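Colleague: quick one, structure for this:
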Amino acid sequence: MKIVIPGGNGRVGRLLMSSLTAAGHDVVVLSRGGAGDARVATWDGRTLGPWAEEIDGADAVINLAGRSVDCRYNARNRAEILNSRVDSTRVIGEAIAAASAPPPVWLQMSTATIYAHRFQRDNDETGGILGGDEADAPASWRFSIDVAKKWEATLDAAPTPNTRKVKLRTAMVMSTAEGAAFRALLRHVRLGFGRFGDGAQYVSWIHERDFVRAIQWLLAQERIEGAVNIAAPHPLPMSEFIEAIREAWGTPFTVPVPRWMVEIGAWLWRTESELVLKSRRVAPKLLRLYGFPFEFPRWPAAARDLCARIRNHEPAFTPQPASQW
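Modeller: Numbers count the residues shown, from 1 in each chain. Predicted coordinates for the structure are as follows:
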């Protein structure tokens, strides 16, 4: 298959690119710079150009483009976060609409953050509540939800009737790669720090191997379109999530971090407290309904695997043959 990956030079993109290339696929990354071993077509993420020729005749597009949200949400960063997602999605839609041989499938990155700050019940694709109106969530958290809604609306508006479109509502991808979220969480625990806030907020996550396998699996699932939650089937409270990391690494004890200290730490690290304080209780109803086989459905086993690979200095991801997707 020829697979085009806009934004494929990020951490998640490199995981996916590595696996697809190892499986023998022709991978083309749309990027402003280099992208490892894949072929690269230069684009600006906003306007049509020669790169659109790569879309015409491709078997699939997997759009991962978007500025990192690991920053302070000042006016400049907010504009870049929103525009990088909406503009890239819009122009990919334009390229597909203009193609004489449009790709049969377009997998579009989205986020599990689109769902409400919720504790009592899982948010799945059919019964989940979209966020933005929660009485118990800070008004500043609405920005992330608004971005997600506009991102998905741009995909919906793309005039691509011959292309199956899938919204990848993705939870935190837990990877051993340098700079990944798990590395930051592990460093937090190794320094002796524990849960963030009261620890009741839920964490939705997916092991990097299951993320890559789910994307590859979705390429072949012609019956599935629309929103799909890319998350492990067992979200858990932050207190249990951090405790599993502590046990997996063998840290003797940790000290909880109260909310006021989380806010100070987020300011010092130039990030947002929402990333660890919002309750993301998301379940992958469609993946389970259609029989996707999770390798790591529960967090303690996933945490042990990630910690062991970091201890052993193993590669961030070992690509698997297509037969193991």
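
Colleague: quick one, strands of this protein?
Modeller: 2-6, 26-31, 39-42, 60-63, 105-111, 164-170, 172-174, 193-196, 202-203, 205-207, 226-230, 236-237, 255-257 (DSSP state E).

Colleague: now do the second one and strand 2-6, the angle between them.
Modeller: For strand 26-31 against strand 2-6, the angle by axes from the mean of the first three to the mean of the last three Cα atoms, to 10 degrees is 20 degrees.

Colleague: by contact count, what packs against strand 26-31?
Modeller: In terms of contacts (3 or more Cβ pairs under 8 Å, 6 or more residues apart in numbering; DSSP states H and E), strand 26-31 is packed against strand 2-6, helix 11-22, strand 39-42. Quick note: C-beta positions are derived from backbone N, CA and C, even for glycine.

Colleague: flag every buried residue along stretch 18-30.
Modeller: Neighbour-count burial for stretch 18-30 flags 18-21, 23, 25, 27-30 (criterion: 16 or more other Cβ atoms under 10 Å).

Colleague: which stretches of the stretch 201-325 of the chain have low pLDDT?
Modeller: Applying pLDDT under 70 to the stretch 201-325 of the chain flags residues 316-325.

Colleague: mind listing the helices for it?
Modeller: 208-220, 238-249, 259-268, 274-277, 285-289, 299-311 (DSSP state H, counting those that start in this stretch).

Colleague: let's have those in CSV, adding mean neighbour count and distance to residue 95.
Modeller: Shown next, in CSV, are these (neighbours: other Cβ atoms under 10 Å; distance: least, Cβ to Cβ, whole Å):
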stretch, mean neighbour count, distance to residue 95
helix 208-220, 22, 19
helix 238-249, 20, 40
helix 259-268, 13, 38
helix 274-277, 20, 32
helix 285-289, 18, 27
helix 299-311, 19, 36
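
Colleague: of all the ones you listed, which lies closest to residue 184?
Modeller: Residue 184 lies closest to helix 274-277 among the helices of the stretch 201-325 of the chain, at 9.7 Å (Cβ to Cβ).

Colleague: just to revisit the earlier point, could the strands of the chain go into CSV alongside distance to residue 134?
Modeller: Listed next are the strands of the chain as CSV, based on distance: least, Cβ to Cβ, whole Å:
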stretch, distance to residue 134
strand 2-6, 32
strand 26-31, 36
strand 39-42, 41
strand 60-63, 28
strand 105-111, 16
strand 164-170, 18
strand 172-174, 20
strand 193-196, 18
strand 202-203, 14
strand 205-207, 21
strand 226-230, 19
strand 236-237, 18
strand 255-257, 23
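
Colleague: no further queries at this time; thank you.
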